[in-house]
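> Would you be able to build a 3D model of this:
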Amino acid sequence: TVDACVIMPEHVHLLVSEPTQGDLSVALQALKISVARNFTARPFWQRRFYAFNAFTGEKRIEKRRYIHRNPFTRGLVAHPADWVGSSYRHWACGEQGIVQLASTWTYAEQLKRQAAQTSCKPTSRKTEMWGTQAPSVERVN
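This is a model prediction of the structure:
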């Protein structure tokens, strides 16, 4: 899942979690191929990259802050919230941005959707509403 994202003019910052299945390098390769096909600038991706394992919650917060402040630090905006290609506003205000993130905001929205779906399910115990048949009972004399 993506925790933080900032799309800069010549590079991208991503803070992602390791997938529970598969390999992160395969997911990043798919992302790079997809983006490269949609942008005409060649080469779009630089050869080098910087990877850092954030093992603690404090380190993840530190990296998220660095990522979100990058457009401001570079002098591109007056405030991190002003950068459109950033997940800052998602974390600060709960606004949905251009990248779907895993956060307390999205988790709360997911719970709301699940609750709404659950409340719309039939409450009757009639078998025809559930699409099941009641077990037949044979009488033995």
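> how about the most centrally placed residue in the chain, what does it touch?
For the chain, the residue nearest the mean C-alpha position is L101 (2.7 Å; CA atoms, centre = their mean). By CB atoms under 8 Å, 6 or more residues apart in numbering, the contact list for L101 reads 1-5, 87, 90-91. The way it works is simple: take the backbone N, C-alpha and C, and place the C-beta from them, glycine included.
> Please settle this for me: is it part of a strand?
No: counting by DSSP: H, G, I helix; E, B strand; the rest coil, L101 falls outside a strand, being coil.
> Nearest to E18 among the contacts of L101?
Taking CB to CB as the measure, E18 lies nearest T1 of those, at 9.7 Å.
> count of neighbours near that closest one?
Neighbourhood size, T1 [other CB atoms under 10 Å]: 13.
> Was I right to think it contacts L14?
No: T1 is beyond contact range of L14, at 10.8 Å (criterion: CB atoms under 8 Å).
> What distance do you get for the residue found closest to H68 once you drop the neighbours it is linked to in the chain to Y107?
Spatial nearest neighbour of H68, chain neighbours left out: Y88 (4.2 Å); criterion: CB to CB, 6 or more residues apart in numbering. Counting by CB to CB, to the nearest Å, the gap from Y88 to Y107 is 18 Å.
> who's more crowded, these two?
Counted by other CB under 10 Å, Y88 and Y107 do not tie: Y88 has more neighbours, with 27 against 10.
> show me what contacts the more buried one?
By CB under 8 Å, 6+ apart, the neighbours of Y88 are 6, 68, 80-81.
> ok, now how distant is the nearest residue to E18 once chain neighbours are set aside from V35?
Excluding the flanking residues, the one nearest E18 by CB to CB, 6+ apart is L24, at 5.6 Å. Separation of L24 from V35 (CB to CB) stands at 16 Å.
> and what of R113?
In terms of CB to CB, R113 sits 29 Å off from V35.
> These two - which one has more neighbours?
More neighbours surround V35 than the other of R113 and V35, with 13 against 10 (other CB under 10 Å).
> name the element that one belongs to?
Assigned by DSSP states H and E, V35 belongs to helix 24-38.
> for this structure, what spans make up the helices?
24-38, 57-73, 88-93, 104-119, 127-130 (DSSP state H).
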